[in-house]
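In: Mind looking at a prediction? Sequence and model below.
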Protein chains: 2
Amino acid sequence: MSYPLASRMSGVKPSFVREVLKVAVRKDIISFAGGLPAPELFDVEGIRQAAIDAFEQNPQATLQYGPTDGYDVLKNHLIDIMASRGAPGLSAENLIVTTGSQQAIDVIAKILVDPGDVVLVERPAYLAAVQVFEIYQAELRGIEIDADGLNPDDLEQQLQALQAEGRRAKFIYTVATFGNPSGATLSLERRKKLLELAVKYQVLVIEDDPYSELRFSGETLPPLVGLTSVVDGSSEWVCYFSTLSKFVAPGLRLGWMLLPEGLVQPVTIAKQAADLHTSTFAQHVAARYLETGRLQAQLPKIRSTYGAKGHAMIAALEAHFPAGMLEFNKPDGGMFLWAKMAAGVDTMSMVQKAVDNGVIYVPGVPFFPGDIKHNYLRLSFATPSTEQIEEGVKRLARAVLD
Amino acid sequence: MSYPLASRMSGVKPSFVREVLKVAVRKDIISFAGGLPAPELFDVEGIRQAAIDAFEQNPQATLQYGPTDGYDVLKNHLIDIMASRGAPGLSAENLIVTTGSQQAIDVIAKILVDPGDVVLVERPAYLAAVQVFEIYQAELRGIEIDADGLNPDDLEQQLQALQAEGRRAKFIYTVATFGNPSGATLSLERRKKLLELAVKYQVLVIEDDPYSELRFSGETLPPLVGLTSVVDGSSEWVCYFSTLSKFVAPGLRLGWMLLPEGLVQPVTIAKQAADLHTSTFAQHVAARYLETGRLQAQLPKIRSTYGAKGHAMIAALEAHFPAGMLEFNKPDGGMFLWAKMAAGVDTMSMVQKAVDNGVIYVPGVPFFPGDIKHNYLRLSFATPSTEQIEEGVKRLARAVLD
């Protein structure tokens, strides 16, 4: 039976990465494909105790319906986290708890995007965001990125081109710190420039920041929402999304949005229509957990473990691939290396050979919003052990060099 | 600052009920407004123990990302619940776990509704569903209901009228058992008739069933999805939504959808874009809880408590209102009475007087999709105690009779 679906679903395909991940669960395969945090870094004892405490302290509120914008105690802890990231003085009134940061992406697109509206994304861009924007039938345009993140000159050219067409982008979406898949981080200078362009062209900038806690080298940079005081008028043009998934636990499905005042009400309405509110149970447990201060002990472990894994992958790639065959960035944090092979190599058709050799990665193709490049691949170092990383890179080299 | 919002957000207002509920939290007010389950009926000890067990048995999976369609163990328990409701033999492949049944409503509308598409709803209808359909810019048409649920003759007339216009409704949305706000339950004969009409006019029927476990009198009726074997071809045209919110705990935010095969993939894609998946943490805890069998001991308590509360409200209304002033149904379950006052009474402007007297209810207006009636009110008996119900009805009578 084929049903008359809404036109927004035409041409939407199941996520290629999700399909790849189905293969990735095979025990004999070493997976560089997923974005799953290392499960050995979950503070199981701390979260277990937080769950017990939530039931002790306030069992009925933990299990009852709650406000759409989130549990106030958790909201205040998230405001404290923002301060620790270089964005002090934000108000809990502008913060909405979401069901993972994926919901933040969905809700912002829902309230802003009409079919045909322009959305600017990095090239390459986070593919689950691209998928959302496609469902809302946005016209996606890609901004070039390099090691310092998105290129402000290319961005300004595109904003000017839009202006010349009499159009305005609905927003710019960026993973500014340890980009997915690029691993790139927007420099401080470019962060300020991005805010200036937002004000000049009156366009919203959405910073999606799942990874900034996973820094293992270099200096912390403030999020855009922490820099609005240095660029006049920019506070009206910045949204910030983040999540507990990468440094507490993804199974809680807890994310948050910080919004300029004028977007709080429409986002709240859309969020309410989407799921009434995020699990109070998960929110109460997370609030108790953040209260204990155990996270402060956990974060250094998380950072050093990802640092060790990232360096192991870099060392293995340098050891097992001939010089020049595979170029890749050396990120200061996050979960991903973004690697480029010679022009003409097709990393999509190479996947099967990799699987035959017992390793899997994500080909670069689905990350490109138009103007697809076929010779890239994303390698995640988050889930496998350093030993598995060494072995997996060997297998990858075998697959490529065979 | 006013931002250029998507056209789907124009005219969407914050939920009136949510606004009413803000007043309802005042300690001096007895609230008949909310749809919150009675917190004294949460099996706190059982759910607490289930959380501890989930951490013992499989801590990392409890905290990690999971499949979009849900945790397989929970899915199988939900299939068992379907069998206990009179729909045996369903497949877990057709079941998708959602973030509350609100998400089920949002996702089905997202994949099916283009702006201007017709959606048929009961008149009066569940208002949070109406709000979702309005966000997706559906054209809503209301079907008359009476004590036996939606009127199949009116439904067929409307389906014929659509056919004459060369159009087809995208779906019919119904809360067939203990309707919200109506309290009405669709009779067995009408259930079969509804399935026949679905097949005849090739239109999807979505049965939203949050309340069927809350039956305190009368005989259990099977859901539509349990009657498809008696109406040829109807299995392709029925979706079923339910939730743990009303008989386990709303704070878990766990609902589920049963879908005909052809809708499983588009719903999965839309759900994935909306929040990747529902909290694994909440799913594992719920699965452990359902495994223990404690629910079987809890359900009779839940049913008898709501029965006592419902009967207390009926008795108080009969005692404190002059005969004929307030007509209302006597439901066999659920949480709501739907009451009608004399034509000319405006229950919306009466709210302030009720609040001044220390009681609150939801006026009927927001439940009507077009053709609004002003003389109805919804009274929930779920949250207050029987003593509060007696006192609250006295206050309401005072407000009305003053």
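Out: Sure thing, it's come through. Numbering: from 1, shown residues only, chains lettered A, B, ... in the order given.
In: so A:Arg398 touches A:Ala354, yeah?
Out: No: contact between A:Arg398 and A:Ala354 fails when scored by CB atoms under 8 Å: they sit 9.3 Å apart. Quick note: C-beta positions are derived from backbone N, CA and C, even for glycine.
In: Number of residues surrounding the nearest residue to A:Ala54 once chain neighbours are set aside?
Out: Nearest-residue entry for A:Ala54: A:His284, 4.2 Å, with adjacent residues in sequence omitted and distances by CB to CB, 6 or more residues apart in numbering or on different chains. Counted with other CB atoms under 10 Å in any protein chain shown, the burial measure for A:His284 works out to 26 neighbours.
In: quick one: contacts of the helix or strand hosting A:His284?
Out: Using DSSP states H and E, A:His284 maps to helix A:280-292. The set of residues external to helix A:280-292 that reach it, using CB atoms under 8 Å, 6 or more residues apart in numbering or on different chains, is A:43, A:46-47, A:49-51, A:53-54, A:57-58, A:61-66, A:70-71, A:73-74, A:77, A:80-81, A:97, A:244, A:248, A:252-254, A:295, B:249-253, B:279, B:281-282, B:285.
In: Take these and keep only those in helices.
Out: A:46-47, A:49-51, A:53-54, A:57, A:61-63, A:73-74, A:77, A:80-81, A:295, B:281-282, B:285 (DSSP state H).
In: Please pick the buried ones from those.
Out: Among the ones in helices among the contacts of helix A:280-292, those buried by neighbour count (16 or more other CB atoms under 10 Å in any protein chain shown) are A:46-47, A:49-51, A:53-54, A:62-63, A:74, A:77, A:81, A:295, B:281-282, B:285.
In: biggest strand in chain A, by residue count?
Out: strand A:139-146 (DSSP state E).
In: partners of the helix or strand following that strand in the sheet?
Out: As assigned by DSSP H and E, the chain's next helix or strand after strand A:139-146 is strand A:149-150. Here strand A:149-150 has these sheet partners by DSSP bridges: strand A:139-146 (antiparallel).
In: What residues of the partner strand count as buried?
Out: A:139-143, A:145.
In: Please apply the same query to stretch A:260-272.
Out: In stretch A:260-272, counting by 16+ other CB under 10 Å, buried: A:260, A:263-264, A:266-272.
In: ok, now stretch A:322-337?
Out: A:326, A:328-329, A:331-337.
In: CA atoms only for stretch A:96-116 - export them in PDB, please.
Out: The C-alpha trace of stretch A:96-116 is given here as PDB (Å, rounded to 0.1, in the frame of the first residue of the first chain):
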ATOM      1  CA  ILE A  96      14.500  25.600  26.800                       C
ATOM      2  CA  VAL A  97      15.200  22.000  27.600                       C
ATOM      3  CA  THR A  98      14.900  19.700  24.500                       C
ATOM      4  CA  THR A  99      14.700  16.000  23.800                       C
ATOM      5  CA  GLY A 100      18.300  15.900  22.700                       C
ATOM      6  CA  SER A 101      19.800  18.700  20.500                       C
ATOM      7  CA  GLN A 102      18.200  16.900  17.500                       C
ATOM      8  CA  GLN A 103      14.900  18.200  18.700                       C
ATOM      9  CA  ALA A 104      16.300  21.700  18.900                       C
ATOM     10  CA  ILE A 105      17.300  21.500  15.200                       C
ATOM     11  CA  ASP A 106      13.800  20.200  14.300                       C
ATOM     12  CA  VAL A 107      11.900  22.800  16.300                       C
ATOM     13  CA  ILE A 108      13.900  25.800  15.000                       C
ATOM     14  CA  ALA A 109      13.400  24.700  11.400                       C
ATOM     15  CA  LYS A 110       9.700  24.100  12.100                       C
ATOM     16  CA  ILE A 111       9.200  27.700  13.300                       C
ATOM     17  CA  LEU A 112      11.400  29.400  10.700                       C
ATOM     18  CA  VAL A 113      11.500  27.500   7.400                       C
ATOM     19  CA  ASP A 114       8.800  27.700   4.700                       C
ATOM     20  CA  PRO A 115       9.400  25.600   1.600                       C
ATOM     21  CA  GLY A 116      12.000  27.300  -0.600                       C
END
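In: For A:Gly218, list the residues it contacts.
Out: Per CB under 8 Å, 6+ apart, neighbours of A:Gly218: A:185, A:332-333.
In: Work out for me the element it sits within.
Out: Counting by DSSP H and E, A:Gly218 is found in no helix or strand.
In: And A:Arg398 and A:Ala354? Which one has more around it.
Out: For A:Arg398 versus A:Ala354, neighbours defined as other CB under 10 Å are more numerous around A:Ala354 (25 against 16).
In: So A:Phe203 is in contact with A:Arg167, correct?
Out: No Phe there; residue A:203 is Val. No: counting by CB under 8 Å, A:Val203 stays clear of A:Arg167, with 10.8 Å between them.
In: Between these two, which is the more surrounded one?
Out: A:Val203 (19 against 13).
In: Contact partners for the residue of the stretch 101-250 of chain A at minimum distance from chain B?
Out: Closest residue of the stretch 101-250 of chain A to chain B, CB to the nearest CB: A:Ala249 (3.7 Å). A:Ala249 sits next to A:37, A:42, A:47, B:63-64, B:281 when contact means CB under 8 Å, 6+ apart.
In: repeat that for 10 Å
Out: A:37, A:39, A:41-44, A:47, A:282, A:285-286, A:289, B:59-60, B:62-65, B:279-281 (CB atoms under 10 Å, 6 or more residues apart in numbering or on different chains).
In: Secondary structure element for A:Gln160, which one?
Out: helix A:152-164.
In: I'd like the distance between A:Glu45 and chain B.
Out: Noted for A:Glu45: a distance of 9 Å to chain B, by CB to the nearest CB, to the nearest Å.
In: Let me know whether that residue touches B:Leu63 as I believe.
Out: No: judged on CB atoms under 10 Å, A:Glu45 makes no contact with B:Leu63 at a distance of 11.7 Å.
In: Need the overlap of contacts for the two.
Out: With CB under 10 Å, 6+ apart, A:Glu45 and B:Leu63 have common neighbours B:Phe55.
In: Can you give me every residue that contacts the closest residue in space to A:Lys75 that isn't next to it in sequence?
Out: Distances taken as CB to CB, 6+ apart put A:Ala92 closest to A:Lys75, at 4.4 Å, once the chain neighbours are dropped. Going by CB under 10 Å, 6+ apart, A:Ala92 touches A:69-70, A:72, A:74-79, A:82, A:258.
In: How are the strands of the stretch 101-250 of chain A distributed by residue range?
Out: A:118-123, A:139-146, A:149-150, A:171-174, A:204-208, A:238-243 (DSSP state E, counting those that start in this stretch).
In: Which helix or strand in chain A has the lowest average pLDDT?
Out: helix A:16-24 (a mean of 67; mean pLDDT, DSSP states H and E).
In: Beyond it, next helix or strand please.
Out: strand A:30-31.
In: what residues go with each domain of chain A?
Out: A:7-43+A:296-401, A:45-294 (automatic domain parsing).
In: returning to what we had before: quick one: work out the angle between the longest strand of chain A and helix A:152-164.
Out: Here the directions of strand A:139-146 and helix A:152-164 differ by 160 degrees (axes from the mean of the first three to the mean of the last three CA atoms, to 10 degrees).
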